[in-house]
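**Q** Turn this into a structure:
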Amino acid sequence: MKNNKNYVVIVLLVAVVSLGIYLLIRKNQNTQKTVYFAETKLSIAPELGKGKIDGQIGVQLIAETGNGAKISSIDTQICYGNELSVDEADPSSQVELNTEALGLLVDVSIVGEDNKCLRLVAIANLDKKPEDLVTGTVPLATIKFLAKLTGSGEIIIDGSKTKVGGYNPKPGATDNAIKVEEIKNAGYVISI
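**A** Predicted coordinates for the structure are as follows:
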């Protein structure tokens, strides 16, 4: 009887140690997938856009990088309220990319619940050298929303669906993910 208890205890200890090792290895791998070399801030400007029905409200998507990081790409979703709309047939017609910063507009599409988010994906020209990429405070794109209803709301950068890629100027570095540390959204008011 005593041998059976010892056997059960040994089996349980081996199982616990194995589970612990598995969890440590798994956690270590997950942290390696999210290595960032710099922080950046994304914002929508102006802080409060004003417009009239059937007009446009133009806002800028602005990035401010830190630690000398240079931006090479962005993949983000910008959400808006019922008072605003984007041309469903050709949403890219309402986006003006800052081609000095990011030269190629890869995708502009309407996504999200009730189609109230604009996905914007842009990259730097492929022939650009790392030293030619932009750094500091940089307007990336201008979005011209159509004002269709009176009211007010917010234009929000969805941080959970935003990725910024870049060049790490540190010698020998190979990482290329820039952490979005801060997001500043904007409001709007539509009148008659």
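**Q** what's the burial count for residue 52?
**A** Here the number of neighbours of residue 52 (other Cβ atoms under 10 Å) works out to 12. Every residue, glycine included, has its C-beta placed from N, CA and C.
**Q** To clarify, my last question referred to residue 138.
**A** Residue 138 has 19 neighbours, counted by other Cβ under 10 Å.
**Q** What of the one 4 residues further on?
**A** By other Cβ under 10 Å, the residues close to residue 142 number 15.
**Q** Next: the one 10 residues further on.
**A** Applying other Cβ under 10 Å, we find 14 residues neighbouring residue 152.
**Q** That one is in contact with residue 189, isn't it?
**A** Yes. Using Cβ atoms under 8 Å, residue 152 is in contact with residue 189, at 4.6 Å.
**Q** And the helices in the protein?
**A** In the chain, helices defined by DSSP state H lie at 2-32, listed in chain order.
**Q** quick one, what contacts the most centrally placed residue in it?
**A** What sits nearest the mean C-alpha location of the chain, by Cα atoms, centre = their mean, is residue 162, with 1.5 Å. Residues in contact with residue 162, defined by Cβ atoms under 8 Å, 6 or more residues apart in numbering, are 42, 74-77, 180, 183.
**Q** Need the max-distance pair from these.
**A** Spatially, the most separated pair among those is 75 and 183, at 14.4 Å (Cβ to Cβ).
**Q** circling back: of the contacts of residue 162, keep whichever come out buried.
**A** For the contacts of residue 162, a neighbour count by 16 or more other Cβ atoms under 10 Å gives the buried set as 42, 74-77, 180, 183.
**Q** rewinding a little: tell me the least confident of the contacts of residue 162?
**A** Within the set of the contacts of residue 162, pLDDT is lowest for residue 180 (88).
**Q** you'd agree it is up against residue 164?
**A** Yes. Counting by Cβ under 8 Å, residue 180 touches residue 164, with 5.9 Å between them.
**Q** and for these two, which residues touch both?
**A** Shared contacts of residue 180 and residue 164, defined by Cβ under 8 Å, 6+ apart, comprise 40, 42.
**Q** what about the strands in the protein?
**A** For the chain, strands defined by DSSP state E occupy the ranges 38-45, 48-52, 56-65, 70-79, 84-85, 95-97, 104-111, 117-123, 137-147, 151-157, 163-167, 177-184, 186-191.
**Q** Just want the phi and psi numbers for the residue nearest to the centre of the chain.
**A** Main-chain torsions, residue 162, degrees, to the nearest 10: phi -120, psi 130.
**Q** Against residue 177, how distant is it?
**A** Separation of residue 162 from residue 177 (Cβ to Cβ, to the nearest Å) stands at 12 Å.
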